[in-house]
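Undergrad: Sequence and predicted structure, then a few things I'm wondering about:
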Amino acid sequence: MRRLSVSLLIGILLGTAPFASAVRADWFFGLLGSSEEPPAPRADAVSYAVEIIAPDDAFAAVLQSASNLYRLRQQPPQSGEGLARRASADLPRLVDALWAEGYYDASARATIDGHVIQMGGAGLEAAAAAADADINRRVAQVRLDVQLGQLYRIGAIKIVDAGTHEPVDDPQLTRPYILRLASGDPARANAIRDMLARLTDALRKESYPLAKVDLAEAVVRHPEETVDLLVKVNRGRKAGFGEVTITGTRNLDPDVVRSFIYIEPGDPYSPDKIAAMRKSMGQIEAIGSTRILESDHLDANGTLPITVQVDERKQFAVSAAAQYSTIDGPSARAEWVDRNVFGGGERLRLTGVVGYSQQDTWETNTSDRKNFLDPNRMEGRANVNFIKPALWGSRNDYLADVTLAREVTTSYQAEYFNVSQYIRHRFDETLSVQGGWEIERGQSQDSFGKTNYFLSGFVAAMRYDTTDNALDPHRGVRVLASGGAYASFFGSSLNLYQGRAQASAYYSIDEESRYIIAGRIGLGASGGATLFDIPDNRRFFAGGGGSVRGYAWRSLSPLGFNGEPTGGLSLFEASLEARVKITDEIGVVPFIDAGQAYAAAFPDFQQDLRYGVGLGLRYYTGFGPIRLDVAVPLARLPGEAVWALYIGIGQAF
């Protein structure tokens, strides 16, 4: 039996890297960005080539990261003694690295031009003399030979209270999904370190913000080839949140930042609340980055003070983007943003979108015009959007939006001008509701003629979002619901009542979120007016990149006498995706979409659902995934495309 000092084992825990493939160090030189060839022989140094030999090719990265010989191979020492000492100093590093992987009988030796250096330095002088003889003649050949021995496994894991030294009787700490380490598992340092971190996190979730979990002792039993662990838990005091201090604001009112922080002094401490706080403050576009610092001690009230450090972004920004679909055609987007108009986090965004429809529109079908530069195929949108957050320091926001748009689809053409104003109330990080007034004047035109309309009415919306990322969610749910009442007594040219809701859920199969299942369902309903009284752009359609991929945008609905989509009074949509990361940057996404619009006020499924299936490619960047989807329609009808390609930024939903 052998005892390891706490400092030695913790040093191993903090200083090792995970496994990687390959064994010969020089095989990686080019891939790692260094010269594969050693320096040429010269008079003022001992040029050398190094080779690391291990019984298993899974250890290359671990041994390379531990070896100074490998890292400094392009910086040769000035003498043979310097090379020999560099090699000798590598041997305990290599053994420590293998101990961290559970090989407690590991050994290593170095060879310079056939002269062996053992652990402890035996043979160093002869190896140094041989290396001196190589100066200005040839490249010294250095080998590091490693023997693994047996893989040791976890024996007993004992968790005790740091104060009483009594075993901890807390099922929240000893559950298998918290420990994830049991007797018989390989005694790898990374696994032990991760277990300690999970135990600490579990205590913090129980409102012990200053909890500490330490590996007090590791006993290596050589005859049994096991390692027994003694873990000491110091909970500290259970506490709530204390005062929140905001620093770093220069041009931004700190009361605005505080309104997006939903914890109050005395609320139970929770690390999940800290994460939610960071996400919530990310909604303030004037803030670039946020650091949340927890005090290392409780205040006089027994609560934990929090300091929020914010870094403001540049006030103005300009951006441009483009996307393309083989069915819907190309589009370009330009945007200008003022992130802090009056110093209260007010955001003003001006957006312009221009696109060109590759669909045969209702007009081109009628006139049989196929001019690629047909102006009737041009579509676009100009938008002004303004948000004033935290009215008078409250959790209420003012939102205003002005839009001028032209839409062109396979069944209609529409132009409209829309103005809306809302008051939004944020209950917490996940839930908000808003209500306001909307006015729209426009004209839609299809094969049945022109419709001039005016809408004025009350609109409301609700958002519930527990996802962890806006562009690439891994976990959580997102629910969006909206509705409007455009009654004739509000001045509308028709009575129209509409509502729409969409819910999506994201489930990460593994802890690293390399395998994610994502699903979406959407519903729409209308009332108060007949289908042909409603302007085309206010009817429901399915199809397109955000709906049923493989079909043209807004092309799925009940059909008219000429076979063109007429739109519907209601809508049903659903999608299912499996998001699989092949590497940290590349992923594939098989998917299936379904959807249809219906003539009834609520989806009655009298028309068959239309399905699209496909495969997507994702390139993950710091700002979100770049998306490329290829989709094909199932049970394709005459005139529908065989396949469709979609390119954009962010996940499909």
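TA: Received it, and whenever you're ready, just let me know what you need. Numbering: from 1, shown residues only.

Undergrad: CA atoms for contacts and neighbours, from now on please.
TA: Noted.

Undergrad: which residues touch the residue positioned nearest the centre of the chain?
TA: For the chain, the residue nearest the mean C-alpha position is residue 472 (4.7 Å; CA atoms, centre = their mean). For residue 472, the contact set (CA atoms under 8 Å, 6 or more residues apart in numbering) comprises 624, 625, 650, 651.

Undergrad: for residue 431, same thing?
TA: 462, 463, 464, 465.

Undergrad: Show me which of those is closest to residue 560.
TA: For these, the closest approach to residue 560 (CA to CA) belongs to residue 462, at 34.3 Å.

Undergrad: unless I'm mixing things up, that closest one is touching residue 426, no?
TA: No. Contact criterion CA atoms under 8 Å: residue 462 and residue 426 do not qualify, at 10.0 Å.

Undergrad: if I look at those two, which residues touch both of them?
TA: Common contacts of residue 462 and residue 426 (CA under 8 Å, 6+ apart): 432, 433.

Undergrad: about what we covered before: so which of the contacts of residue 431 is the closest to residue 491?
TA: The closest of these to residue 491 turns out to be residue 462 (CA to CA; 25.3 Å).

Undergrad: Specify the local secondary structure of that closest one.
TA: strand (DSSP: H, G, I helix; E, B strand; the rest coil).

Undergrad: Check residue 404 too.
TA: Looking at residue 404 with three-state DSSP, the answer is strand.

Undergrad: surely it meets residue 382?
TA: Yes. Shown here, residue 404 and residue 382 form a contact pair, counting by CA under 8 Å, at 5.2 Å.

Undergrad: where in the stretch 151-300 of the chain is pLDDT low?
TA: Applying pLDDT under 70 to the stretch 151-300 of the chain flags no residue at all.

Undergrad: can you map out the strands along it?
TA: Here the stretch 151-300 of the chain has its strands, by DSSP state E, counting those that start in this stretch, at 153-161, 212-221, 226-234, 240-247, 287-294.

Undergrad: Tell me the strands beside the longest one, with direction?
TA: According to DSSP bridges, strand 212-221 forms sheet pairs with strand 2-4 (antiparallel), strand 226-234 (antiparallel).

Undergrad: Just want the angle from the last one to strand 153-161.
TA: This points to strand 226-234. Here the directions of strand 226-234 and strand 153-161 differ by 20 degrees (axes from the mean of the first three to the mean of the last three CA atoms, to 10 degrees).

Undergrad: for strand 226-234, which positions count as buried?
TA: Neighbour counts over strand 226-234 (16 or more other CA atoms under 10 Å) mark 226, 227, 228, 229, 231, 232, 233, 234 as buried.

Undergrad: In CSV, list those along with distance to residue 325.
TA: Output for those, formatted as CSV (distance: CA to CA, whole Å):
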residue, distance to residue 325
226, 59
227, 58
228, 60
229, 58
231, 57
232, 59
233, 57
234, 58
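
Undergrad: Of all pairs in those, which one is the farthest apart?
TA: Within the buried residues of strand 226-234, two members stand farthest from each other by CA to CA: 226 and 234, at 26.2 Å.

Undergrad: thinking residue 74 is in contact with residue 39, fair?
TA: Yes. Contact criterion CA under 8 Å: residue 74 and residue 39 qualify, at 6.4 Å.

Undergrad: okay, the strands of the stretch 151-300 of the chain, which one's buried deepest?
TA: strand 226-234 (a mean of 21; mean count of other CA atoms under 10 Å).

Undergrad: Export that one to PDB, keeping only CA atoms.
TA: Listed in PDB are the C-alpha atoms of strand 226-234, where the atom choice follows Å, rounded to 0.1, in the frame of the first residue of the first chain:
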ATOM      1  CA  THR A 226      -6.900   0.000  -6.800                       C
ATOM      2  CA  VAL A 227      -7.100   3.500  -5.500                       C
ATOM      3  CA  ASP A 228      -9.300   4.400  -2.500                       C
ATOM      4  CA  LEU A 229     -10.600   8.000  -2.300                       C
ATOM      5  CA  LEU A 230     -11.400  10.000   0.800                       C
ATOM      6  CA  VAL A 231     -13.500  13.100   0.000                       C
ATOM      7  CA  LYS A 232     -14.200  15.800   2.500                       C
ATOM      8  CA  VAL A 233     -17.200  18.100   2.200                       C
ATOM      9  CA  ASN A 234     -17.500  21.500   3.800                       C
END
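
Undergrad: chain center to that strand: distance?
TA: Distance, stretch centre to chain centre, for strand 226-234: 34 Å (CA atoms, centre = their mean, to the nearest Å).

Undergrad: what residues does that strand touch?
TA: Residues contacting strand 226-234 (CA under 8 Å, 6+ apart): 152-163, 165, 168, 187, 211-221.

Undergrad: For residue 560, give me its contacts.
TA: residue 566.

Undergrad: which stretch of helix or strand covers the closest residue to residue 351 other than its chain neighbours?
TA: Closest residue to residue 351 apart from its sequence neighbours, by CA to CA, 6 or more residues apart in numbering: residue 335 at 4.5 Å. Using DSSP states H and E, residue 335 falls within strand 329-338.

Undergrad: And the next helix or strand past that strand?
TA: strand 347-356.

Undergrad: and the angle for that following strand with strand 329-338?
TA: Strand 347-356 and strand 329-338 are oriented at 160 degrees to each other (the same axes, to 10 degrees).

Undergrad: State the mean pLDDT of strand 347-356.
TA: In this model, strand 347-356 has a mean pLDDT of 94.

Undergrad: Does anything pack onto that strand? Which helices or strands?
TA: Applying 3 or more CA pairs under 8 Å, 6 or more residues apart in numbering; DSSP states H and E, one finds that strand 347-356 makes contact with strand 329-338, strand 378-388.

Undergrad: what packs against the last one?
TA: In terms of contacts (3+ CA pairs under 8 Å, 6+ apart), strand 378-388 is packed against strand 347-356, strand 396-408.

Undergrad: I figured residue 649 hits residue 623, correct?
TA: No. Look at residue 649 against residue 623 with CA under 8 Å: they stay out of range, at 9.1 Å.

Undergrad: The two: who's more crowded?
TA: residue 649 (20 against 10; other CA atoms under 10 Å).

Undergrad: List the contacts of the more buried one.
TA: Counting by CA under 8 Å, 6+ apart, residue 649 has contacts 624, 625, 626, 627.

Undergrad: What separation do you get for the second one and residue 507?
TA: What it means is residue 625. 18 Å (CA to CA, to the nearest Å).

Undergrad: Could you do the third one as well?
TA: The spacing between residue 626 and residue 507, counted by CA to CA, is 21 Å.

Undergrad: I'd like to know how far the residue lying closest to residue 286 once chain neighbours are set aside sits from residue 203.
TA: Leaving aside its sequence neighbours, residue 286 sits nearest to residue 339 (CA to CA, 6+ apart; 5.0 Å). According to CA to CA, residue 339 stands 39 Å off from residue 203.

Undergrad: Show me the beta-bridge partners of the closest residue to residue 158 other than its chain neighbours.
TA: Distances taken as CA to CA, 6+ apart put residue 230 closest to residue 158, at 5.0 Å, once the chain neighbours are dropped. Residues in a beta bridge with residue 230, per DSSP bridges, are residue 158, residue 217.

Undergrad: just residue 435 next, same as before
TA: Beta-bridge partners, per DSSP bridges, of residue 435: residue 423, residue 460.

Undergrad: Burial check on it, number of neighbours?
TA: Neighbours around residue 435, by other CA under 10 Å: 19.

Undergrad: Provide a list of residues in contact with it.
TA: Here residue 435 is in contact with 422, 423, 424, 458, 459, 460, 461 (criterion: CA under 8 Å, 6+ apart).
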